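> Fold the following for me, if possible:
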Amino acid sequence: MDAHIAFPLLVALIGVALLFDFLNGLHDAANSIATIVSTRVLKPQFAVAWAAFFNFIAFLFFGLHVAETVGKGIVEANVIDAQVIFGALMGAISWNVITWVLGIPSSSSHALIGGLLGAGTAKAGLSAVVWSGVFKTSAAIVMSPAIGLFLALMLVLLISWLFVRFTPQRADQWFRKLQLVSASLYSLGHGGNDAQKTMGIIAVLLYSQGILQGGFHVPLWVVLSCQAAMALGTMMGGWKIVHTMGSKITRLTPAQGFCAETGGAITLFLATHLGVPVSTTHTITGAIVGVGASRRLSAVRWNVASNIIVAWVVTLPAAAAIGAGFYALAGLF
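This next block holds a predicted model:
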C-alpha cells in the first residue's frame, strides 16, 4: 500500500474501522447490560435497546480526549499510514472474534491498541512508539478494575448503612428503579470511552492522507458514524459474554447491580475526562468482583475471574502479533 491511497480503498478502510466499532459494541454489550439482565430488572431485548441509546448519545457529554490519545498518543502520527491502520484493525478484529466465540470478556480497547502497536512497530520499529501514551494505557489495565472494585465495594458499604432499616423486599423495589439510572450511566461511559478509540483511528487515517484541514481533529461525521456503529453492535448483543459477566463471576441482587454499574460508570467518566483509553470490560469485571467480595470472598468464583485476567494479559501481545502479521500481508499487495 502506498502512503496515499485511492479513494475506494480509503472508504474500504473506514468501513473496516466501523466494522471493528460494531464488533466492539457487540462484544462489549454484556458490559453494559449483564448486571441489569442478571438481576431481571429488564429483559435482554429491552436492556440492549436501553444500552444502545445511551451508547449513541455519549458524544454529547464528553470531549474527544480519548480519540486524540489513540490517534496520536500510542504510535507517532507521522508513522501511521493505510497499511498500519489495516494491520491494527485486522489484529483487533481477529482477537475480538476469537474471544467472542470462546465467550471470554477480553478488552476490545486493548486489542485495538495492541494491533496498532504491532503494525506500527512492524513498519518503523520501537522508535515509532509513544511510550508515555502506552504507559498510561498499560497502567489503566491495572488501575481501572482496581478503581471499579474499590468504588463498588465502598458503595455496597454505604448503601448497606443507608438502607439498614429497609426490608429486603422494599430495598429491592428501590434498586430495581435505581438500576435503570446506573445502567444508563454505565452505557454512557462505555459509549464515551470506547467509540472514541475508533474515532481516533479514522481521524489519524484521514490525517495521514492529507484530508484533514487544520491539523489533527475528529470531524463530526466520524463522531456520529462511530457512535452509531457501536450502538448498532450493542443492539445485536453478546449473549455468551452476558452469561459470564452476569452470573458466572458472582450472583447479583438489584442493589449489588446498582453498586457495580455506578462504580464502573464513575471510573469510565474519570478515564474519559483524562483521555485514558481504558477497558470497559476490565472496569465492570472489577466492580462485579468488588460487589461479590463485599459479601464474602467465597461469593466470587475466582477461577472464572482468573481466566478473565489471563485473557487480559494475553490480549495486547496477541493482537500486536496478529496486527504485525496483517501489516506484512498488506505489504504484498
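
> so how far is the helix or strand harbouring Ser109 off the chain centroid?
Ser109 belongs to helix 108-124 when assigned by DSSP states H and E. In terms of Cα atoms, centre = their mean, to the nearest Å, the gap separating the centre of helix 108-124 from the centre of its chain is 16 Å.

> Buried residues, the very next helix or strand once past that helix. List them.
Per DSSP H and E, the first helix or strand lying C-terminal to helix 108-124 is helix 131-162. Residues of helix 131-162 classed as buried: 133-134, 136-137, 140-141, 143-149, 151-153, 155-156, 159 (neighbour count, 16 or more other Cβ atoms under 10 Å). Every C-beta, even on glycine, is put in place using the N, C-alpha and C of the backbone.

> Identify the residues contacting the residue nearest to Leu188 when sequence neighbours are not counted.
Excluding its sequence neighbours, the residue lying closest to Leu188 (Cβ to Cβ, 6 or more residues apart in numbering) is Phe54, at 4.7 Å. Neighbouring residues of Phe54 by Cβ atoms under 8 Å, 6 or more residues apart in numbering: Ser32, Ser184, Leu185, Ser187, Leu188, Gly191.

> Please list the members of those residues that lie in helices.
Those of the contacts of Phe54 mapping onto helices are Ser32, Ser184, Leu185, Ser187, Leu188, Gly191, per DSSP state H.

> quick check, nearest of the residues you listed to Leu126?
Of all the ones in helices among the contacts of Phe54, Gly191 has the smallest distance to Leu126: 33.2 Å, by Cβ to Cβ.

> what's near enough to touch the closest one?
Gly191 is in contact with Phe54, Asn55, Phe56, Ile57, Ala58, Phe59, Gln227, Met230, Ala231, counting by Cβ under 8 Å, 6+ apart.

> what's the neighbour count on the last one?
Just to be clear, that refers to Ala231. 25 (other Cβ atoms under 10 Å).

> What are the phi and psi values at it?
Main-chain dihedrals, Ala231, degrees, to the nearest 10: phi -60, psi -40.

> again, but for the fifth one
With angles defined as degrees, to the nearest 10, Ala58 shows backbone torsions of phi -60, psi -30.

> Begin at 53, not 1, for the rest of this chat.
I'll keep to 53 as the first residue from here, and by that count the last item is Ala110.

> Leu237 is in contact with that one, correct?
No. Ala110 is beyond contact range of Leu237, at 10.6 Å (criterion: Cβ atoms under 8 Å).

> Going by how many neighbours each has, rank those two and give me the top one.
With neighbours defined as other Cβ under 10 Å, Ala110 and Leu237 compare such that Ala110 has more, 24 against 18.

> and that one, what does it touch?
Contacts of Ala110 (Cβ under 8 Å, 6+ apart): Ser239, Leu240, Gly241, His242, Gly243, Gly244, Ala247, Gln279.

> can we see that at 10 Å?
Applying Cβ atoms under 10 Å, 6 or more residues apart in numbering, we find Ala110 in contact with 239-248, 275, 279, 282-283, 320, 324.

> any idea how far it lies from Asn76?
13 Å (Cβ to Cβ, to the nearest Å).
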